[in-house]
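> missing the sequence, but the structure's below:
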């Protein structure tokens, strides 16, 4: 038998004689937006906690006939403290969420309801509910949120006591039977005139002549005692009645009558109640469909103490009329892009729940990443960054997708190779959007100018433009990944990155080995930042003194692609090597961003040395992996003061002369060696070699 | 001035008086198929070698008028030793391929031609060419193959000497001017009657009365000397003439006349030459458009020695009429699928060129891989296997693609998540085909039955079928990857894999750590294979004694997914971890397959210990990576004789009782502990703990 059928049956009986009053139960109505907010709360705040969370419910007495009384939980039910709308009455809710479906199933429902009832009982017996009657409209929300599938299981309880045991009432009376239009208008005027902080759900009403006045509920005993001595005064209990049925008030009256029985049963057993309902017809408010009920609570003795709490009922039936939870599947009717967005967040936030609560996900997600090279490494690093929640990725490459690429370059398919092949940068950026539509990804087709790759007159303007494009790109990003397959193409971004003090990371592959490193961050222009060979640290190297990709070289990068055989042109590697390098370089960025000193984090000189750590552990200077031997080393080295990529003279020349300097380097590697001082070094080396040779000859 | 214009101009002159004979040069005609074969040869055999390679060319004297004389290099020009077709004349070619475009550009072309000419000159002066006249139709093919883009650069040279300096000829004569139809028919009959090993390109001809007879070229001096004494005999030099022009013979005659000048100029300065051309008209062969040329070589003295080689010419002009190479871009007009196929092979074969010549690519490519789990690991491993050239991959998963998946699971896109999500196994298998159309990939939607996941009556048939499907899948594959995210789902494939002696590999992820391992290969049914605790090896463990995933456990796998919170259900990991695990597990398979003992390869007990290695180095038992500490360990451990996954009792029970045994395990983990002996172990442990406790109490 459904609630409405029950009510209808009750109506048949009540037409004949005074009978037991029946109340229309609430139907829960949860806004889909609420589940979104709840998901956020769960991920960001609650995490694994199963503690009760306050939730604001509301109901209205303005519904059209035929609608069930609904207890609304709006999208912002977790944030606001009160139901705000003029015609919304506040209901005090408690949300308890379990972490697993099994716990949701197995939790003892009677205990849950009892805990909720105990609070309510205390509010009633202590007089607290008289001061704050919205406590009488308490409810419990018991939930399990399957955040991976966007399935939300929930079960509402609207606790109500079986006390007084029965409420007898006189045959139903509609307002219009009892009150004049003038009286109804007076009542309505007083009702709508209330202050904002007045509890609209529960109140009391006095009638003096034809004039009605609304009072706070707590005034009832005094007003009734006064009225009992005056013949022209009447006092009513009042509710904003969510029920729309002709002769049955809504569920909220139950607990009001419990309060009356608990508080005043020694003085009064019968009460007149105005169940106020308001409707606007043709712009005019009307309350003539409200109910006036006269009830008799009987001579129930008040329980002696809170421990003698009467039985409490109130679990809501589900759609099938069974005692059981409801489920809403929001995956279907949500915007798929939004769904993807929150799903991606989910996996990341889960990390903070247990394993890494200090993790700052925001800083990773907001890092704008520039990937120079959209080949095997570029594709893999882009995907791995997406796994970390990075949203802003720009890929730079001048090549097109060739048939050998897709099996190793994980953003491309066979289709990208046909008809000459799509530009890698463009195809990769598009692929990122196909993976996750919220990406801010861009592909830039650009050849990076290189030392020793002579720039003829015809190319001059193009190269100038390319340098400028690269400079702007580096300006606009926070982390620069050097993922190209030639040594000299790393030179220009190394210089620009150092001059602009960006985070620069390098990954490079061998046949079964790889190098991953972060470049030291130079304090441009200050002498203090210059590496000093006289003060090589013994245990760790500060971030600003760490070397760059070129610091271990004693020759400037030259045209190495020139005259290379096919196996040298392709990066001939065991396929797994790129996985290791891509994973490590991405995690190196993550570790840097989670370190309090960021790019300036010190690096240990010794393997497993003792240095300042971040949330994700120590941040090495470089990782060198050797797949054949299954070795992973983390060497750190200081910057080299004649480095062709980051020494003071090179950065100074670039910052002062700009493109003019770069052009000289493109046209002559020797010039770069001259500026950096490498050529002086060579002379030294040459001299010493000659010397040693002479020496040996002498000895023979 | 093009060749034909030059010839036309010559014709004007020759109509008036004896003049210098001009020869129509060859045009090179390389079949596209040749480049495919050459690509294979380069990848598989030549690799980095730039040594000269013999190549077979051919030309014909049956072309229609208007066609230029073409030197064909057919698709099989690298394999066959002779031009085979009846009407094809053999040309002896030499192919020199450079490894870089720069080398192709910069190589001294005069030196190249001179080297080729020297060989030809030696053949002529030594008499070798007289015995094998096809040497006179020598050619050089100088190439650079850009195998990544399928661009082939090539430059032919058809070497010819400027000796004799000039060849004077009498006004042109067509056969029909000089010969009767009967004579022509006689010539043709003799020509077509030759033996298969007769060199059709160069020969000599005698005429006796109206009868023509063809002879090998080497007989010319004797025949001519004899004819000089007889009035009714005439002797001609003969070529199968590739030219179709009325009055100009083809290029091949040049070197024949050089041979005549070198060999016989003391005896004879003038020669009659039959430039034989054959055409079939209305089913009848005709040679009436052949040329008869009478030439005068002048009284050029024979050079004294091979070192006095005359100047040699012969580089072919390109399409633009310039001295320079031609280029053919085969990427556009090749079947894209084929292109992809050879491109994928290319990258792999490159590995063998320099770094790993012993690498057996075939064994990796032919390994049929079964991936249980098509999530983060499954996707990444599938891609990495493709990088190794594996063609046969089957993915098994029962889940659907959810919105959080694509950023971590690199075979899925946003589109796969919509409308409830596609089955991961199916979507992944399809993605493999989109990456590389030649894949033999299949997706199987299957839940793997697990210990402790009770099988009710209603599920019994389904579970039985699932077990059977899994058994068949394992039968049909060589390497089984356990890439699931729960411990107990690995149990069934571990047991089946061990019973069927398959290569089983496991990868599992932690938050910032991973485990990758190979299962030991049990010698099922023999006592010898059982691990013996009394003989734990000190330095290395043989493959058959290595443990499986469960060997370190002292409890049987149970229902761990039951009652797990969201962060436990999802594999909450730093994104880079899956890259490391996927890379390592794939490379572990590669290393196993390249080891002479395959799955039975011994594993070192010590880090960096000394064990038997394969082409890709030693094969560890397991790899444990710790990203936070940047550590990679390779522990090895022996099989556990009460292991719930691979001990003798469990394998015996499975092999004897089959599904009945499995069902008992699904319904009760305790049963599995009973069979394996783990429960006995628990009792022992409990006893010993009690004992120790009592002991300590005694001591106090």
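Received the coordinates, thanks. Note that this is a predicted model, so its numbers are computed, not measured. Numbering: from 1, shown residues only, chains lettered A, B, ... in the order given.
> Report how many residues lie close to residue A:27.
18 (other Cβ atoms under 10 Å in any protein chain shown). From N, CA and C alone the C-beta is placed, and that goes for glycine too.
> didn't it look like it was pressed against residue A:71?
Yes: assessed by Cβ atoms under 8 Å, residue A:27 is found in contact with residue A:71 at 7.1 Å.
> which parts of the stretch 251-400 of chain A sit against chain B?
A:331-332, A:336-337, A:339-340, A:342-344, A:346-347, A:350-351, A:353-356, A:380, A:383-384, A:386-388 (Cβ under 8 Å from any Cβ of the partner chain).
> Out of these, list just those in helices.
The members of these that map onto helices under DSSP state H are A:336-337, A:339-340, A:342-344, A:346-347, A:350-351, A:353, A:380, A:383-384, A:386-387.
> Which of those residues are buried? Put it as a PyMOL command.
With 16 or more other Cβ atoms under 10 Å in any protein chain shown as the criterion, this PyMOL line picks the buried residues out of those:
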select buried, chain A and resi 336+339+340+342+343+344+346+347+350+351+353+380+383+384+386+387
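> what about the helices in the stretch 251-400 of chain A?
According to DSSP state H, counting those that start in this stretch, the stretch 251-400 of chain A carries its helices in the segments A:252-264, A:336-353, A:361-365, A:376-387.
> tell me what the shortest one is packed against?
Counting contacts by 3 or more Cβ pairs under 8 Å, 6 or more residues apart in numbering or on different chains; DSSP states H and E, helix A:361-365 packs against helix A:336-353, helix A:575-593.
> The same query, at a cut-off of 6 Å, please.
Applying 3 or more Cβ pairs under 6 Å, 6 or more residues apart in numbering or on different chains; DSSP states H and E, one finds that helix A:361-365 makes contact with helix A:575-593.
> Work out the gap between the helix it packs on and the centre of the chain.
How far helix A:575-593 lies from its chain's middle: 25 Å, per Cα atoms, centre = their mean, to the nearest Å.
> gap between residue A:31 and residue B:237?
Distance check for residue A:31 against residue B:237: by Cβ to Cβ, to the nearest Å, it reads 102 Å.
> More neighbours: those two, which one.
residue B:237 (23 against 14).
> did I read that right, the more buried one in a strand?
Yes: assessed by DSSP: H, G, I helix; E, B strand; the rest coil, residue B:237 belongs to a strand.
> contact partners of stretch A:591-599?
A:363-364, A:503, A:521, A:543, A:601, A:614-616, A:619 (Cβ atoms under 6 Å, 6 or more residues apart in numbering or on different chains).
> Most neighbours among these, please name it.
In these, the most neighbours by other Cβ under 10 Å go to residue A:619, 29 neighbours.
> Wait, that one touches residue A:600, no?
No: between residue A:619 and residue A:600 there is no contact under Cβ atoms under 6 Å: 9.9 Å.
> show me what contacts the closest residue to chain B within the stretch 351-500 of chain A?
Closest to chain B within the stretch 351-500 of chain A is residue A:387: 2.9 Å, counting by Cβ to the nearest Cβ. Residues in contact with residue A:387 (Cβ under 6 Å, 6+ apart) are B:407-408, B:575.
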